[in-house]
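> Fold the following, please.
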Amino acid sequence: MPPEGQPRGYRAVIRLLFLLHRYLGIAVGALMVTWCVSGVVMMYVSYPTLDENYRLRHLAPISWNGCCAIGYEVQPDGATVGDFRIEMLHARPTLYLRNSRAPARLVDLITGSLIDAISPTQAASVAASYIPDPQLLAPRLLGLIAYDQWTVAGSFDADRPLYHFDLGDRQRTELYVSSTTGHAVQLTTGRERFWNWLGAVPHWLYFAQLRHKAALWSQVVIVTSLIGCFLAGTGLYIGVLQLLRRTGGHWSPYRGFNLWHHIAGLLFGCFALTWVLSGLLSMNPWGWLEGASAQPERTLLRGRDPSGARAQAALQALASTHPANLVSIQIAPLNGRLYFVAVSGADMRWRLDEDGNAASLNDADLAYIAERLKGSGPTDTAQLITHEETYYFSHHLDGAPLPVYRLAPRDDSRTLYYIDPVSGGLIVKFDRGAQGYRWWHEGLHRIDFFPALRARPQWDALMLILMTGVTATCLTGAYLGYRRLTRAKTEASSTAI
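Numbering: from 1, shown residues only. Coordinates of the predicted model:
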């Protein structure tokens, strides 16, 4: 109850806080419990994703016989090329060409003609490469879909519709193939699908029909998180207020489940507030902690894009050398010069010049990168780092490739840049918004302020202790709300009789 002996206005405000906390607990208490339990599941099972290195390992080596022709109607000689990648598709070398001034195109490099759409046969050949023994098993096409629970995110929009395959293995693996590029874009196993219904899906409110309406989903997450913040904040305030009263010689005025809720709230209420607040900040509501795009810097580093004629001549020169065991070739211009990044089936990456020769990143390249990214102030030379840092680190399954070059301009922006040591391309930048996101969301939500905290098994032990306490706080609160609600209904029924 609100404290006596205080001004009437103050007591009215406190009484209102009690009522709001009580009835908001009834309304969202079960959701708060769900967030806690699903968070424990997410510690061990992440949301399904197809790792790019894993995808590359399932590609056939590029066949250079008869390669590489690009028809004039596909890429006029005078036009510049944007990003492109060469990989095998259904036993044929294929180029995926993407330019900001034209729709993405897929080109058969034997005939030089456009591929209008990926056929079911082509998609099935991609799916078959994920089966250890295609002679024993064959992928089964489940349908051509717009989206489902595991492909609802906007990152799949450019690949829709998607070919959905069942691979028929013991893991009940399902694979999704883009109908626009022929690339595998998502892979799930039966285990992942089961546990994600108990983990990421309820934790993120990631139900397909809601998530498909991105703006609505975002608002639902933000509003429920705000309510959760208010519920946790008022509960913490009320718990401390009741502790300070110390009436009747007791430190708490509560008994039974109310007492357990009070104890758990005092011990773990701060963590409950921390987690729901950092979860809210993961959505960057109203632009908070939203870092600026790195695309302007990436464009700046590339310089002038090469012409179609130059790119085709470089590809034909590369094809004439018949490099073995390459599964992917991607354009990587730097300072207006044409380079390629080649990837082998063994996950090896290296840079080639337009004559097909090895061309590792050199001091002149690093000086150019530093000069272009320095902004208005002086800058240090890019430094090669081989260990994780405060802003560039792996968190369990979320990897940060090493080594990498770090560039830290000495100006007011305090922006950090991390550069690919093979291509010289910008991997990620951390401006003030991104740095704030690292602390206020990633630091608070995942408890990874420094390496020792996120190292296992101590991270698991710490998180499980805190999760148990916060769950107990939310669970006892939800039960008390449910009990009060049922009691009110019973009393109403008795009065009516």
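> Ramachandran coordinates for Gln242?
The phi/psi pair for Gln242 (degrees, to the nearest 10) reads phi -70, psi -30.
> Check what pLDDT the residue lying closest to it once chain neighbours are set aside gets.
Closest residue in space to Gln242, ignoring its immediate chain neighbours: Pro253 at 5.9 Å, by C-beta to C-beta, 6 or more residues apart in numbering. (Each C-beta comes from the backbone N, C-alpha and C, glycine too.) Per-residue pLDDT puts Pro253 at 84.
> Contacts made by stretch 277-297 with the rest, please.
For stretch 277-297, the external contacting residues (C-beta atoms under 8 Å, 6 or more residues apart in numbering) are 35, 218, 221-222, 225-226, 228-229, 372-373, 417, 426, 428-434, 436-437, 440-441, 443-445.
> list the buried ones in that stretch?
277-285, 289, 291, 294, 297 (16 or more other C-beta atoms under 10 Å).
> Of these, which is the nearest to Ile62?
Ala294 (29.3 Å; C-beta to C-beta).
> tell me the pLDDT at the closest one?
So Ala294 comes in at 92 (pLDDT).
> The stretch 1-150 of the chain: helices as residue ranges?
With helices called from DSSP state H, counting those that start in this stretch, the stretch 1-150 of the chain shows them at 8-42, 52-57, 120-128.
> on that earlier part again, need the three-state assignment for the residue nearest to Gln242.
coil (DSSP: H, G, I helix; E, B strand; the rest coil).
> what's the neighbour count on it?
15 (other C-beta atoms under 10 Å).
> Could you do Ala400 as well?
Going by other C-beta under 10 Å, the residues that sit close to Ala400 add up to 15.
> Let me see the contact set for the residue nearest the centre of the chain.
Nearest to the geometric centre of the chain sits Asp398, at 8.6 Å (C-alpha atoms, centre = their mean). Contacts of Asp398 were listed using C-beta under 8 Å, 6+ apart, and none were found.
> same question, Gly443
Applying C-beta under 8 Å, 6+ apart, the residues near Gly443 are 278, 449.
> Quick check: it vs Val126, distance?
39 Å (C-beta to C-beta, to the nearest Å).
> what do you get for Pro103?
Taking C-beta to C-beta, one finds Pro103 at 22 Å from Val126.
> neighbour-wise, which of these two wins?
Taking neighbours as other C-beta under 10 Å, Pro103 and Val126 compare with Val126 leading, 25 against 8.
> And what about the residue nearest to the more buried one when sequence neighbours are not counted, helix, strand or coil?
Closest residue to Val126 apart from its sequence neighbours, by C-beta to C-beta, 6+ apart: Val177 at 5.0 Å. Three-state call for Val177 (three-state DSSP): strand.
> what about the strands in the protein?
Secondary structure of the chain (DSSP state E): strands located at 83-89, 92-99, 102-108, 140-145, 162-166, 174-178, 184-188, 326-331, 339-344, 349-353, 383-385, 404-407, 416-419, 426-430.
> How about the contacts made by Ala364?
Applying C-beta under 8 Å, 6+ apart, no residues contact Ala364.
> excluding its backbone neighbours, what's nearest Met43?
Closest to Met43 by C-beta to C-beta, 6+ apart is Met463, at 6.1 Å.
> what about that neighbour, how many residues close to it?
Count around Met463 with other C-beta under 10 Å applied: 17.
> tell me the pLDDT at it?
pLDDT, read off for Met463, is 96.
> show me the contacts for it.
Met463 neighbours (C-beta under 8 Å, 6+ apart): 40, 43, 447.
> Hmm, the second one is touching Leu462, no?
No - in this structure, Met43 sits apart from Leu462 without contact. The criterion is C-beta atoms under 8 Å, and the distance is 11.0 Å.
> more neighbours, the two?
Met43 (16 against 13).
> give me phi/psi at that one?
The phi/psi pair for Met43 (degrees, to the nearest 10) is phi -60, psi -20.
> And it, how close does it get to Asp166?
Where Asp166 is concerned, Met43 sits at a distance of 29 Å (C-beta to C-beta).
> What of Leu19?
Counting by C-beta to C-beta, the gap from Leu19 to Asp166 is 53 Å.
> Counting neighbours, what do you get for Ser119?
Other residues close to Ser119 by other C-beta under 10 Å number 14.
> ok, it to Ala367 distance?
Taking C-beta to C-beta, one finds Ser119 at 48 Å from Ala367.
> what number of residues lie near Tyr408?
Heads up, residue 408 is Ala, not Tyr. 15.
> That one touches Leu416, doesn't it?
Yes - assessed by C-beta under 8 Å, Ala408 is found in contact with Leu416 at 5.5 Å.
> Noted, bye for now.
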